[in-house]
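> Sharing a sequence plus its predicted fold:
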Amino acid sequence: MNALVNRRCRPCEGGVPPLDAAEARRLHAELDAGWELDDDAKRLSRRFAFHGFNRALGFANAVAWVAQVEGHHPELRVGWGYCEVEWTTHAIAGLSENDFICAAKTDALFDD
């Protein structure tokens, strides 16, 4: 299991720099290959596929629960048969370690 999944998010209210591209790529390599890192290394996203709307919505609700527990919230898009999850740290306009922790926890939900 990914070591990131066992970590907890730290509050981020800004005042710290976002991860640089090299560090973002290093952490990205620890995630499932389905995660995409944008060209600027500021957003991390993945599209999850499901059979039907209810399963996609249930998954989105589970991701929302993890987000509440961790105090770190993604952008979610849900439709028939899919849930798109995008992590970024708005307070620093880029990625923090929290985004990778939450992505790993999102993967754990999907794997279960």
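Structure received.
> contact partners of the helix or strand where Ala108 lies?
Element membership of Ala108, judged by DSSP states H and E, is helix 97-111. Helix 97-111 is contacted by residues 1-2, 4-5, 7-10, 12, 19, 27-28, 30-32, 35, 44, 46, 48, 59, 62-63, 66-67, 70, 72, 74, 85, 87-89 when judged by Cβ atoms under 8 Å, 6 or more residues apart in numbering. Any C-beta I mention is one placed from the backbone N, CA and C, and that applies to glycine too.
> Just the CA atoms of that helix, as PDB, please.
C-alpha atoms of helix 97-111 as PDB (Å, rounded to 0.1, in the frame of the first residue of the first chain):
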ATOM      1  CA  GLU A  97       1.900  17.300   0.000                       C
ATOM      2  CA  ASN A  98      -1.700  17.400   1.100                       C
ATOM      3  CA  ASP A  99      -2.900  16.900  -2.500                       C
ATOM      4  CA  PHE A 100      -0.900  13.700  -2.900                       C
ATOM      5  CA  ILE A 101      -2.000  12.400   0.500                       C
ATOM      6  CA  CYS A 102      -5.600  12.900  -0.500                       C
ATOM      7  CA  ALA A 103      -5.100  11.400  -3.900                       C
ATOM      8  CA  ALA A 104      -3.700   8.300  -2.300                       C
ATOM      9  CA  LYS A 105      -6.700   8.200   0.100                       C
ATOM     10  CA  THR A 106      -9.000   8.600  -3.000                       C
ATOM     11  CA  ASP A 107      -7.300   5.600  -4.600                       C
ATOM     12  CA  ALA A 108      -7.900   3.600  -1.400                       C
ATOM     13  CA  LEU A 109     -11.600   4.300  -1.700                       C
ATOM     14  CA  PHE A 110     -11.700   3.200  -5.300                       C
ATOM     15  CA  ASP A 111      -9.700   0.000  -4.600                       C
END
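> Quick one: mean pLDDT over it.
Helix 97-111 shows a mean pLDDT of 94.
> Only the buried residues of it, if you could.
97-108, 110 (16 or more other Cβ atoms under 10 Å).
> Going by distance to Asn54, which of those residues wins?
Nearest to Asn54 among the buried residues of helix 97-111, counting by Cβ to Cβ, is Phe110 at 15.6 Å.
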